[in-house]
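any chance you could fold what I've pasted below:
(2 chains)
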2 protein chains.
Amino acid sequence: MWTDLGLDLESHDALLGILGQAYQDVYLSQKNRPRGMQYFDFVMSEVHGLRIKELLDAKRQGRPVVGAFCTFVPEEMVLAIDGVCVGLCAGAEFGFDEAERYVPRNTCSLIKSIFGFKLGKVCPYIESVDLLVGENTCDGKKKAYEILGTLVDCLYVMDLPQMKSDAGRALLKSEYTKFMAKIEEISGKEISLQNLRRGVQIANNKRKAAHRLNRLRAANPAPISGLDALLVNQVYFYDDPVRFTDSVNKICDELEDRIAENDGVFAPDTPRILISGCPMAVPNWKVPAIVEDSGAVIVGEESCVGERGTQNLVDVTADSLDGLLDSIVDRYCRIDCAIFTPNESRLDHVKQLVQQYKADGVIHYCLQFCQPYQMESGPVETALENSDIPVLRIDTDYSQEDVGQIRTRVEAFIERISAQS
Amino acid sequence: MWTDLGLDLESHDALLGILGQAYQDVYLSQKNRPRGMQYFDFVMSEVHGLRIKELLDAKRQGRPVVGAFCTFVPEEMVLAIDGVCVGLCAGAEFGFDEAERYVPRNTCSLIKSIFGFKLGKVCPYIESVDLLVGENTCDGKKKAYEILGTLVDCLYVMDLPQMKSDAGRALLKSEYTKFMAKIEEISGKEISLQNLRRGVQIANNKRKAAHRLNRLRAANPAPISGLDALLVNQVYFYDDPVRFTDSVNKICDELEDRIAENDGVFAPDTPRILISGCPMAVPNWKVPAIVEDSGAVIVGEESCVGERGTQNLVDVTADSLDGLLDSIVDRYCRIDCAIFTPNESRLDHVKQLVQQYKADGVIHYCLQFCQPYQMESGPVETALENSDIPVLRIDTDYSQEDVGQIRTRVEAFIERISAQS
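Coordinates of the predicted model:
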């Protein structure tokens, strides 16, 4: 299978070896995990295995596989024609030397890793897709897709507005209309009110399961570790959506039992932290692992891989295709990504999540050279401090070089919030 | 006057002292300058003097003063109601410590200097304007305006598209329509086909004068230094447009005589360089000064402060206000700023300018942390190398720390292109 996909077998084996070890160290070493996480352990063990076979089987059945780098790609349209949508962001420092021949050194790790994985021929997902959807979010990605387009032959770039004005909304609707046509073209199937509504329902159910999991994390003691919850949010982008939804709901059943029994993954009154900022793609577990290894528990993620990505449902009540498209546009327009200006609702959302999850403090997590989130880190800090919420800003990348420094800062922060609470 | 504007007199004096010395060292020390540059020397000596008095006089006469940070702000609309449009980008490392309290350290010097000048209370322009127009070009500026909005009370942010699609063009038209209404609001005057056409003609004449100057720089020997031509392009943003146009045309008359007499500012066959990349705002003369001090002449600027900003005229033949607005949108849509994707016309433009000005090589100039131009620097380099055009990439900021390094690289580059030509 790997040879057919054109992977570099040696590099791919090396990558899987490192990933397997990291998963062992970070995940399997955790204590008192919910039994339901076994499903996610299995998914992760097969992320470069059975799942790829599933994708190839889907392709053979005429179901297109669409790869996306961003939560702005409306998965419901792919689901409408029974296609498969997979996330392609990568979270590992792999092939950066090669990547820096294509993009500037001052590029965030997430973008560099897209190039590193592609150039190193180690990502079976990017090699399996029928359509690779880029989107004009930040300058870094927008311009990087121009370069990526010289390396892949199925890139489709979706434009995005920068303001949520009437004209910005019209632009998004026009782009989603074009995307719908593209999906129809590659699948040879027509998108109708009925099948789009089905797609929306599948995506909504996935979001609802994520919301349910989020709500349960408000309990004290926390019933699930932040690492495990992050993994669920990461697998959100890879897995079959119906199976994923069932698996999350099963975990939630178990967590409800735990909460009823006052059972938690950490001791009661463990310092509680909300992470806010840049997305963490698999296997970027660096900062959460440090936080939970330092005696705190992460109770929420204000992130694209987290609540920024999953919040809000699409209203399915429209009785025309155009009406449903408007509802989809409405839902995506509410994502408070830092690419938008102004983006004050994000500040409100961070504060709301702190309250909802009874967090003792916020860690604002930024990838170096991610201008939108770096620019917002100051205003987020100010807004939180004005509400007497402790905040720690961490700017980092995918390397392991600053782990010691970050650990020291995180430990000091946890000490500070423990003393206050 | 300075006290009324709320300037910090001591810092302002210090800044003017440094500027005056830099101008003496970089400009007045040049040999064989066109006589017509005396006007620009005068303008520069009065850039924090008479010109400010003119702006304040204009305000007293009910003519609004509009400050802009970008060539995408349609000056013709301000001119239509007899207003004054002034550029506000700053090119000096001033107040960066203070600026970094508001924007991340990894922000380009141009943006930092906007904050440095504002926070240091040394920019009489920003303190004189009735309207400060920000625009959603790069992520850096887009997000910085959110923060700048907390420091000034007359900020107006104009949205821009990221693609030149139908929807992108519609967005720009909608934003220009809103801007027109804003200008009407602050001036109390209505914009009509007649007065907008007059505004367009004034702006077009300014562009035509710049085009005329550009064309004359194709001569060998070059009739004007790149430093002087850059100054003309910089004053383009500050001066009264009619007076500026006359002054540029006078220089062009003189340069035509020089060319007829085979007289140049440097010796014939001096190595000829095209600069391409980020804008250079006053007093950012660092790289051009190094280039021309190292024995080459700059014959063109593919830059917002240069031909990217001045190329293309607005078609004035429309017979309705809406038609003229469309023509304005058409003209601005042709600006090949790196914020757009794709932006291949910029690659063509750079190559065309090399041919037109008989350049021996290109220096691609980038401000550090300017993602759009840094991302394009690779593709520009590749396109030029594929056409056998030598290229040197310089990434720098407003500091003087790397002057020695840059000089060494520039000297080696000039040696290389001299050997080739």
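
low-scoring stretches of the stretch 201-350 of chain A, by residue?
Applying pLDDT under 70 to the stretch 201-350 of chain A flags no residue at all.

for chain B, what is the nearest residue in it?
Ranking the residues of the stretch 201-350 of chain A by distance to chain B (CB to the nearest CB) places A:Thr341 first, at 5.1 Å. C-betas here are computed from N, CA, C, even on glycine.

for that residue, what are its contacts?
Remark: with contacts taken as CB atoms under 8 Å, 6 or more residues apart in numbering or on different chains, A:Thr341 is in contact with A:Gln162, A:Met163, B:Asn136, B:Lys142, B:Lys143, B:Tyr145, B:Glu146, B:Val157.

what are the ranges of the helices in the stretch 301-421 of chain A?
Assigned by DSSP state H, counting those that start in this stretch, the stretch 301-421 of chain A shows helices spanning A:307-310, A:321-333, A:344-356, A:371-386, A:403-420.

contacts for the last one, please.
The contact list for helix A:403-420, computed with CB under 8 Å, 6+ apart, reads A:271, A:273, A:286-287, A:290-291, A:293-296, A:360-361, A:363, A:390, A:392, A:394, A:396.

distance of the spatially most central residue of chain A relative to B:Ser377?
Centroid-nearest residue in chain A, with CA atoms, centre = their mean: A:Val305, separated by 2.4 Å. Relative to B:Ser377, A:Val305 is positioned 31 Å away (CB to CB, to the nearest Å).

ditto for A:Asp388
Counting by CB to CB, the gap between A:Asp388 and B:Ser377 amounts to 45 Å.

higher neighbour count, the two?
Of the pair A:Asp388 and B:Ser377, B:Ser377 is the one with more neighbours under other CB atoms under 10 Å in any protein chain shown, namely 23 against 7.

which of the residues in the longest helix anywhere in chain A are buried?
As far as residue count goes, and with DSSP state H defining each element, the longest helix of chain A is helix A:193-216. For helix A:193-216, the buried set under the neighbour-count rule, 16 or more other CB atoms under 10 Å in any protein chain shown, comprises A:193, A:195-214, A:216.

what does stretch A:405-417 give?
So, applying 16+ other CB under 10 Å, buried residues of stretch A:405-417: A:Ile406, A:Arg407, A:Arg409, A:Val410, A:Glu411, A:Phe413, A:Ile414, A:Ile417.

now, which of those sits nearest chain B?
Using CB to the nearest CB, A:Arg409 is the member of these that lies nearest chain B, at 17.0 Å.

now A:Met41: phi and psi?
Just so we're on the same page, residue A:41 is Asp rather than Met. The main-chain torsion angles of A:Asp41 are listed as degrees, to the nearest 10 and equal phi -60, psi -40.

quick one: it and chain B, what's the gap?
To chain B, A:Asp41 is 38 Å away according to CB to the nearest CB, to the nearest Å.

what is the neighbour count of that residue?
The local packing of A:Asp41 (other CB under 10 Å) involves 15 other residues.

ok, now A:Arg101?
A:Arg101 is surrounded by 9 other residues when neighbours are defined as other CB under 10 Å.

which SS class is it?
Using DSSP: H, G, I helix; E, B strand; the rest coil, the secondary structure recorded for A:Arg101 is coil.

distance check, it against B:Arg63.
Counting by CB to CB, the gap from A:Arg101 to B:Arg63 is 53 Å.

A:Thr382 now?
From A:Thr382 to B:Arg63 the distance is 38 Å (CB to CB).

run a quick neighbour tally on the residue of the stretch 301-421 of chain A found nearest chain B.
When distances are taken as CB to the nearest CB, the stretch 301-421 of chain A reaches nearest to chain B at A:Met375, 3.4 Å away. Other residues near A:Met375 come to 28 when the count uses other CB under 10 Å.

go on, A:Lys53?
The number of residues packed near A:Lys53 is 12, by other CB under 10 Å.

thinking it is in contact with A:Leu5, fair?
No. Here A:Lys53 does not reach A:Leu5: they are 11.1 Å apart, not a contact under CB atoms under 8 Å.

which one's more surrounded, A:Thr382 and B:Arg63?
For A:Thr382 against B:Arg63, the residue with the higher neighbour count under other CB under 10 Å is B:Arg63, and the figures read 17 against 14.

that one touches B:Gly83, doesn't it?
Yes. Taking CB under 8 Å as the definition, B:Arg63 is a contact partner of B:Gly83 at 5.4 Å.

give the residues shared as contacts by those two.
Common neighbours of B:Arg63 and B:Gly83 (CB under 8 Å, 6+ apart) are B:Ser187.

that older thread, which ones are touching the residue of the stretch 301-421 of chain A closest to chain B?
So, once contact is read as CB under 8 Å, 6+ apart, A:Met375 ends up touching A:Ala338, B:Val103, B:Pro104, B:Thr107, B:Asp139, B:Gly140, B:Lys143, B:Ala144, B:Glu146, B:Ile147.

burial of the third one, as a residue count?
Residues near B:Pro104, counting by other CB under 10 Å, number 25.

in the stretch 1-150 of chain A, what residue lies closest to chain B?
Each residue of the stretch 1-150 of chain A has a distance to chain B, by CB to the nearest CB, and the smallest belongs to A:Lys143, at 3.4 Å.

my guess is that residue contacts B:Glu376. True?
Yes. Counting by CB under 8 Å, A:Lys143 does reach B:Glu376; the two are 6.7 Å apart.

any residues in contact with both of those two?
Both A:Lys143 and B:Glu376 are contacted by B:Ala338, under the criterion CB under 8 Å, 6+ apart.

grab the nearest non-local neighbour of A:Gly91.
Distances taken as CB to CB, 6 or more residues apart in numbering or on different chains put A:Asn284 closest to A:Gly91, at 3.1 Å, once the chain neighbours are dropped.

name the element that neighbour belongs to?
Under the criterion of DSSP states H and E, A:Asn284 resides outside all helices and strands.

wait, it sits on A:Phe94?
No. In this structure, A:Asn284 sits apart from A:Phe94 without contact. The criterion is CB under 8 Å, and the distance is 11.7 Å.

compare the two (neighbour count), which wins?
The residue with more neighbours, out of A:Asn284 and A:Phe94 and counting by other CB under 10 Å, is A:Asn284; that gives 27 against 23.

list the contacts of that one.
Remark: with contacts taken as CB under 8 Å, 6+ apart, A:Asn284 is in contact with A:Gly91, A:Ala92, A:Tyr398.
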